[in-house]
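[1] A structural model of the following input is requested.
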Amino acid sequence: VAASGGVNHALAFLLTEAGHGISLAVGLGNAVDLSAPDILGHLADDPATGAVALHIESVADGPRLVDSVRR
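    Numbers count the residues shown, from 1 in each chain. From the prediction side, this is the model:
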């Protein structure tokens, strides 16, 4: 989950080189419709998700983000 599509691409390439893959990459852009806590909530409910990398540039609702990360 990244604020930038470029960061998603870079992570995908680095993980592939390290022998790992990704099943989903989410670019938040300016997060007008969905924010990091929304995406983290979805991923927390996905039994196939074992790990999440998060790159964000700003936080509109800190307590909500912390709750989502803890979940």
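[2] longest helix in this protein, by residue count?
    As assigned by DSSP state H, the longest helix anywhere in the chain is helix 5-17.
[3] all the strands of this protein, residue numbers only.
    Applying DSSP state E to the chain gives no strands.
[4] output the lowest mean pLDDT helix or strand found in it.
    One helix or strand of the chain scores below all others by mean pLDDT, DSSP states H and E: helix 5-17, with a mean of 88.
[5] using CSV, list the CA coordinates for that one.
    The C-alpha trace of helix 5-17 is given here as CSV (Å, rounded to 0.1, in the frame of the first residue of the first chain):
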residue,chain,number,x,y,z
GLY,A,5,2.7,4.0,-7.9
GLY,A,6,6.4,4.4,-8.4
VAL,A,7,7.1,3.1,-4.9
ASN,A,8,4.8,0.1,-5.7
HIS,A,9,6.8,-0.6,-8.8
ALA,A,10,10.1,-0.3,-7.0
LEU,A,11,9.0,-2.6,-4.2
ALA,A,12,7.7,-5.2,-6.7
PHE,A,13,11.0,-5.3,-8.6
LEU,A,14,13.1,-5.5,-5.4
LEU,A,15,10.9,-8.3,-3.9
THR,A,16,11.1,-10.2,-7.2
GLU,A,17,14.9,-10.0,-7.2
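[6] buried residues, it. List them.
    V7, N8, L11 (16 or more other C-beta atoms under 10 Å). Yep, even glycine has a C-beta here, placed from its N, CA and C like the rest.
[7] with stretch 48-62 instead?
    V52, L54, I56.
[8] swap in stretch 29-37?
    Quick answer for stretch 29-37 (16+ other C-beta under 10 Å): A31, S35, A36, P37.
[9] sweet, I'm off.
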